[in-house]
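Engineer: sharing a sequence plus its predicted fold:
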Amino acid sequence: MYAIIADGGRQYKVEEGQLLEIDFREAKEGDKLTFDRVLAVSSDSGFKLGKPTVSGAKVSAKVIGQTQGEKVYVQKFRRRKNSKRRTGHRQKYVKVLIESIA
């Protein structure tokens, strides 16, 4: 059984027991999250596609913790001006455990 959910402008294919990294939000470890925007659900009884969402479908998840992604370096260079700049960025994520699809 799996579901396709939309969160933060992205779509994720999730299954029960799966660990998932979503965009950062203020949530403490152990908090419960509910994703209401379920676009599709596949189960033993068949596949249900929403228009645009499946009515009554919810995916519940538990917050495991906060993580950071890989470091991305941004370099700016202006030729013949003796100007160089290098900065770095690490995106923040929230790691969640998908508990149930209903």
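Structural biologist: Perfect, thanks for sending it.
Engineer: which residues touch the closest residue to residue 86 other than its chain neighbours?
Structural biologist: Counting by Cβ to Cβ, 6 or more residues apart in numbering, residue 86 lies nearest to residue 75, which is 5.0 Å off, once chain neighbours are set aside. Backbone N, C-alpha and C define where each C-beta goes, glycine included. For residue 75, the contacting residues are 84, 85, 86, by Cβ atoms under 8 Å, 6 or more residues apart in numbering.
Engineer: over to residue 43?
Structural biologist: So residue 43 contacts residue 1 (Cβ under 8 Å, 6+ apart).
Engineer: who's it bridged to?
Structural biologist: Listed beta-bridge partners, residue 43: residue 46 (assigned using DSSP bridges).
Engineer: and the contacts of residue 75, which are buried?
Structural biologist: Among the contacts of residue 75, not one is classed as buried by 16 or more other Cβ atoms under 10 Å.
Engineer: so which of the residues you listed are in helices?
Structural biologist: Among the contacts of residue 75, none falls in helices (DSSP state H).
Engineer: re the thing from before, check the gap between the residue nearest to residue 86 and residue 84 for me.
Structural biologist: 7 Å (Cβ to Cβ, to the nearest Å).
Engineer: sorry, back to before: in terms of helices and strands, where is the residue nearest to residue 86?
Structural biologist: Residue 75 is located in strand 59-78, with elements delineated by DSSP states H and E.
Engineer: buried ones in that strand, by neighbour count?
Structural biologist: Result for strand 59-78 [16+ other Cβ under 10 Å]: buried residues 59, 61, 63, 66.
Engineer: so what strands line up beside it?
Structural biologist: strand 32-35 (antiparallel), strand 83-101 (antiparallel).
Engineer: can you put the ones you listed in CSV and add distance to residue 12 and mean pLDDT?
Structural biologist: Below are these laid out as CSV (distance: least, Cβ to Cβ, whole Å; pLDDT from 0 to 100):
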stretch, distance to residue 12, mean pLDDT
strand 32-35, 9, 96
strand 83-101, 9, 97
